[in-house]
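# give me the fold of what follows.
(chains A, B, C and D)
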Protein chains: 4
Amino acid sequence: MAPPGKNVPVAEIEIAVRSSELDSFGHVNHAVFLNYLEQARFLALQEAGFDWSSLDEKGWRIFVVRIEVDYVAEARRGQRLLVRTWADSFRRTMMVFGQEIVRADDPETVVTRARVTGVWIDPQGRPMRVPEHVREGLSGDRE
Amino acid sequence: MAPPGKNVPVAEIEIAVRSSELDSFGHVNHAVFLNYLEQARFLALQEAGFDWSSLDEKGWRIFVVRIEVDYVAEARRGQRLLVRTWADSFRRTMMVFGQEIVRADDPETVVTRARVTGVWIDPQGRPMRVPEHVREGLSGDRE
Amino acid sequence: MAPPGKNVPVAEIEIAVRSSELDSFGHVNHAVFLNYLEQARFLALQEAGFDWSSLDEKGWRIFVVRIEVDYVAEARRGQRLLVRTWADSFRRTMMVFGQEIVRADDPETVVTRARVTGVWIDPQGRPMRVPEHVREGLSGDRE
Amino acid sequence: MAPPGKNVPVAEIEIAVRSSELDSFGHVNHAVFLNYLEQARFLALQEAGFDWSSLDEKGWRIFVVRIEVDYVAEARRGQRLLVRTWADSFRRTMMVFGQEIVRADDPETVVTRARVTGVWIDPQGRPMRVPEHVREGLSGDRE
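Take a look at the predicted model:
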């Protein structure tokens, strides 16, 4: 997967690796990174002007329908990581996020690269159009 | 904690240890046992005649308010475990479960003993009386 | 991702969804499927004649370097799932697994499709050739 | 369980609740708090002058043998929590930690109280004396 390039992260969060997240090799288990990435996407949506409580009020849901993750370097006990998130592309009912995890103490070292596709679901369980203000917020079109 | 004694388990489930549940020492992480125990309590409630969907319909919730766990022996990769659950005692709005995890291939070897207190919550967020049919089902008073 | 086609699963395991694996929508969280898939790959390796303890003895490690997962249908409380695993392809130091999760009570319903790339690492931390007996076992070339 | 009283926390860490840690009621699952508490104990040991790598070098391990947790208030999406850890008592081969989780934005609101007993294990798998510098560090006897 290509690095962000011209894409500007809408959010960057810091994550502290927890001891319970290590596998029997002493590294962060590969499934755990998906939790980090999810947490970062929620914060990116928030940064983009999205209010989580509106999701509950309107009965909307966001489902992950596809993930691709490249594991580039290990993460270990005690490390702090930065997770960068940007909008990669949109389709009518889908949004594709690009994400990158790097070491906080050495942001040149990429740990993980990911592309995550989410679909918006309406209260009847059907795919719905991505709300305009979310699309704008994620695209950096806020003024 | 005392072993079950005269208490008869209302349910026994088998759990296969998953590789993702091992810690950096190669043992099941101590927090993971709480997931096993929770899974077993839900099945015990079901065995006792409790229907999970009724919880959703009526807006009831069950909260864990206290746990005590003794870790007696390690569990390792590839092991299968049995989780036994019984009703330890009841108060008006609380139920106390006794639970025991043993090795499936050697049920004399106790891995974990636990006592878990749950409280029933009504739709207004207040403690409510444990439903009579749950109490009866867990007490083995079904006829 | 394409379905297995001519590929024959080397292993099929059954997984019971645990209550702790549900997200706030009542579905299995998308990261949890990676734990199911990992568990299934370990058992596939075992079925293929691979002995886990030899990994520890020789200081070998297997790292996941890439995953692709398509989430096709939801999994819910109480469901039992089947995870099928087959060898998709090999390169010198890499093996690519195809995996599919279906409902145990309705195996036509695909829940998740995945492709997972693992690399073998020697005690010095360098990629190593996939051991011949693993390659053969996974390819169904055992006699 | 009694609040810390005269005990002085040796460490206080901040934890951000992650979306993947919520259960189907939208609250932090009760098992997840054990991960927070574990993370906090490791940092408390570090603050007390303990070096994690020395554990690996010497082949020592620390096992949790008993936990007691009281769940006092819920934790929800987006909250930040403080975890306070102090040395409750020592026996020859055991150390007992007191721990308390409070809301970062309202530290008077206790979320969870815990008492956790850990035992030190030597390379032969036998309980060993708690290292003197750890005992001193945790007791605040450092000079």
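# worst-scoring helix or strand of chain A, pLDDT-wise?
For chain A, counting by mean pLDDT, DSSP states H and E, helix A:52-58 ranks last in confidence among helices and strands (a mean of 80).
# and for the residue lying closest to A:Ser139 once chain neighbours are set aside, the neighbour number?
Excluding its sequence neighbours, the residue lying closest to A:Ser139 (Cβ to Cβ, 6 or more residues apart in numbering or on different chains) is A:Ala87, at 5.7 Å. Every C-beta, even on glycine, is put in place using the N, C-alpha and C of the backbone. A:Ala87 has 21 neighbouring residues, counting by other Cβ atoms under 10 Å in any protein chain shown.
# roughly how far is the least confident helix or strand of chain A from the heart of the chain?
19 Å (Cα atoms, centre = their mean, to the nearest Å).
# what does stretch A:130-140 give?
Stretch A:130-140 sits 15 Å away from the centroid of its parent chain (Cα atoms, centre = their mean).
# got it, and stretch A:15-23?
18 Å.
# before we move on, what about stretch A:80-89?
So, by Cα atoms, centre = their mean, the centroid of stretch A:80-89 is 6 Å from its chain's centroid.
# so which bits of it are buried?
Going by neighbour count (16 or more other Cβ atoms under 10 Å in any protein chain shown), the buried part of stretch A:80-89 is A:81-88.
# show me which residues of chain A sit near chain C.
Within reach of chain C by Cβ under 8 Å from any Cβ of the partner chain, chain A has these residues: A:25, A:30-32, A:34-35, A:38, A:61, A:63-71, A:74.
# those in helices, which ones?
Judged by DSSP state H, the residues of chain A next to chain C include A:32, A:34-35, A:38 as members of helices.
# among the residues you listed, who's most crowded?
A:Leu34 (25 neighbours).
# C:His30 is in contact with that one, correct?
Yes - the criterion here is Cβ atoms under 8 Å, and A:Leu34 meets it with C:His30 at 6.7 Å.
# spit out the residues that contact the two alike.
Residues touching both A:Leu34 and C:His30 by Cβ atoms under 8 Å, 6 or more residues apart in numbering or on different chains: A:Ile67.
# tell me which residue is most central in chain A.
Nearest residue to the geometric centre of chain A (Cα atoms, centre = their mean): A:Arg41, 3.3 Å.
# give me the angle between the strand or helix carrying it and helix C:32-47.
Following DSSP states H and E, one finds A:Arg41 within helix A:32-47. Interaxial angle, helix A:32-47 versus helix C:32-47 (axes from the mean of the first three to the mean of the last three Cα atoms, to 10 degrees): 170 degrees.
# for the residue nearest to A:Asp122 when sequence neighbours are not counted, grab the count of nearby residues.
Leaving aside its sequence neighbours, A:Asp122 sits nearest to A:Met128 (Cβ to Cβ, 6+ apart; 4.0 Å). Counted with other Cβ under 10 Å, residues neighbouring A:Met128 total 17.
# does chain D sit close to the helix holding A:Arg41?
Yes - judged by Cβ under 8 Å from any Cβ, helix A:32-47 and chain D are in contact via A:34-36, A:38-39, A:42.
# so how many other residues sit close to A:Arg113?
Quick note: A:Arg113 (other Cβ under 10 Å) scores 20 neighbours.
# ok, which of the residues of chain A next to chain C also contact chain B?
Okay, of the residues of chain A next to chain C touching chain B (Cβ under 8 Å from any Cβ), that's A:25, A:31.
# so which of the residues of chain A next to chain C are in strands?
A:61, A:63-71 (DSSP state E).
# could these be laid out in CSV, adding pLDDT?
As requested, these are exported to CSV (pLDDT from 0 to 100):
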residue, pLDDT
A:Arg61, 88
A:Phe63, 92
A:Val64, 95
A:Val65, 97
A:Arg66, 98
A:Ile67, 98
A:Glu68, 98
A:Val69, 98
A:Asp70, 98
A:Tyr71, 97
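# just the buried members of these?
A:61, A:64-71.
# between the strand ranked longest in chain A and strand C:61-71, how many degrees?
The single longest strand within chain A, with elements called by DSSP E, is strand A:106-121. Counting by the same axes, to 10 degrees, strand A:106-121 lies at 30 degrees to strand C:61-71.
# just checking, which helix or strand succeeds strand A:106-121 along the chain?
By DSSP H and E, the next helix or strand past strand A:106-121 is helix A:132-139.
# which elements pack onto that next one?
For helix A:132-139, the packing partners by 3 or more Cβ pairs under 8 Å, 6 or more residues apart in numbering or on different chains; DSSP states H and E come out as helix A:32-47, strand A:80-90, strand A:94-103.
# nearest to D:Val102 among these would be which one?
helix A:32-47 (21.3 Å; Cβ to Cβ).
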